[in-house]
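**Q** model this:
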Amino acid sequence: MAEPKDKKNQWKPLGTQAYLAAYQKMVHFSAKAVNSNASATGVRIVEQVDLPYISVSSVNPASVPLDYFNGANTASASNQINSVVLNNLRERFAGIDEAEVCFIQQMVSSYEFADFGGEIDCHLKQIIMPDESGNDLCLTPLHSTGLSRLINDTERRIAQEIDEKRFSVFKHAAMNYGGSNTQNIGGLANELRKPLFFAAPEEDMEIRKSLAIHHKGFDYLSTTRVDQYLTWHDEYCIREKAKTMRQKLDEEQLLRTIVWDAFKEADRQFVYLSNHKEHLPGEQLLSHDLDPIFHGLIFEEQRDNAWFIDFGNAVASFIKNRKRRKIIDGKPQLIDPLISNQQAITLQGLISDIARTASQTTVRSTI
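**A** Numbers count the residues shown, from 1 in each chain. A predicted model of the protein is given here:
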């Protein structure tokens, strides 16, 4: 029976200068991974920092494999350096030169990475983002083949815990890098070929609606009821003439309907907000910054005398400023209500009294 083939690669003694030259040009982020026609440049993160746009900064950079960016001529040296840094050389190589391993360990612990700078290549994309002071900040997105390697290895471990024959558990897209010879852009460039694919989160319109009510309030006045009152007012009320008793009773009934509808709408919104309470900030039904009118509508215990006066003012102001569309001489026009300032003051008092009575004689029911 034939001997099983050893899957380990043979260690290649390359000499200290080859490792120094390769390590000087090894990076976490490479411009070549974005566009193989871009000039050779890259970025290495030397320590863990709090930078929101830098993915490698969220983990220990020492745990993320480095990659070459200046062509495959340093591929062998870069590969062997990574095996030492990631502490997996015994698994990957046979015939290891212990002296070279010792040199690599000393090199990576003491080497200060040189900034080779250079201008941003025209083949790279630019994204304009605001900084903390509101000024524009220009960012250049770069891929990290090493971080992709860690992500892929993590997924493979998860998959094999489920089933030894599985290699993936997540949905992937398919992308190609580097043309026919991927190694020209990086030793780990193949790790970029199957990026994770995530569907956009679905928006829950019910939660969105509850948050809008929490922050902005709701329309508690029925425009249909208000327009009915204004139509009656235009027909029966003349500014210079006092109302008859019949007109006063009709007006109170129309205003009572407006107030009752407002309270019924508040009851519906109270139930709606209560049903979505867990999605609201601090599980509070309404924002503290919201107009006190809304708080009184939702929380009946907050309806004190000052609130009824404010509520009457708010409703009277809405009625007085409500524009309606009417056909005049065959043309649609927006008209203002025929309500004087004095009539608006009287209206406010009526509405406050009606609201006070309605609040005392009605009990909120669960809808």
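**Q** contact partners for the residue nearest to Ser222 when sequence neighbours are not counted?
**A** The shortest distance from Ser222 to any non-neighbouring residue, by C-beta to C-beta, 6 or more residues apart in numbering, is to Asp261 (4.7 Å). For the C-beta atoms, the positions are set from N, CA and C on the backbone; glycine is no exception. Applying C-beta atoms under 8 Å, 6 or more residues apart in numbering to Asp261 gives the contacts Leu221, Ser222, Arg225.
**Q** next, the buried residues of stretch 193-205.
**A** Within stretch 193-205, the residues that qualify as buried by neighbour count (16 or more other C-beta atoms under 10 Å) are Arg193, Lys194.
**Q** what's the end-to-end length of it?
**A** Distance across stretch 193-205, first residue to last, is 36 Å (C-alpha to C-alpha, to the nearest Å).
**Q** which other residues reach it?
**A** So stretch 193-205 is contacted by 148, 151-152, 168, 170-177, 182 (C-beta under 8 Å, 6+ apart).
**Q** rerun that using 6 Å as the cut-off
**A** Residues from elsewhere that reach stretch 193-205, judged by C-beta atoms under 6 Å, 6 or more residues apart in numbering: Phe170, Lys171, His172, Ala173, Met175.
**Q** swap in stretch 96-110?
**A** Residues from elsewhere that reach stretch 96-110 (C-beta under 6 Å, 6+ apart): Trp11, Pro13, Thr16, Tyr19, Ile81, Val84, Val85.
**Q** try it again at 10 Å.
**A** Here stretch 96-110 makes contact (C-beta atoms under 10 Å, 6 or more residues apart in numbering) with 8, 10-16, 18-20, 23-24, 26, 62, 66, 77, 80-85, 89-90, 93.
**Q** try stretch 9-18
**A** 21-22, 73-74, 76-77, 79-81, 83, 89, 92-101, 103-104, 107.
**Q** picking up where we left off before, and the host helix or strand of the residue nearest to Ser222, how far out from the chain's middle?
**A** Using DSSP states H and E, Asp261 maps to helix 245-275. Remark: helix 245-275 is offset 39 Å from the chain centroid, using C-alpha atoms, centre = their mean, to the nearest Å.
**Q** so for that helix, what's the average pLDDT?
**A** The pLDDT scores in helix 245-275 average 93.
**Q** next structured bit after it?
**A** Sequence order places helix 292-298 as the next helix or strand after helix 245-275, per DSSP H and E.
**Q** OK, contacts around the nearest residue to Ser58 once chain neighbours are set aside?
**A** Leaving aside its sequence neighbours, Ser58 sits nearest to Gln48 (C-beta to C-beta, 6+ apart; 8.0 Å). Residues counted as contacts of Gln48 (C-beta under 10 Å, 6+ apart) are Val56, Ser57, Ser58, Val59, Asn60, Pro61, Ala62, Ser63.
**Q** which parts of the stretch 101-250 of the chain are helices?
**A** Secondary structure of the stretch 101-250 of the chain (DSSP state H, counting those that start in this stretch): helices located at 145-162, 205-216, 223-236, 245-275.
**Q** of the ones you listed, which is nearest Leu290?
**A** With distances scored as C-beta to C-beta, the stretch of those nearest to Leu290 is helix 205-216 (7.2 Å).
**Q** mind listing what's buried along that closest one?
**A** Buried residues in helix 205-216, counted by 16+ other C-beta under 10 Å: Ser210, Leu211, Ile213, His214.
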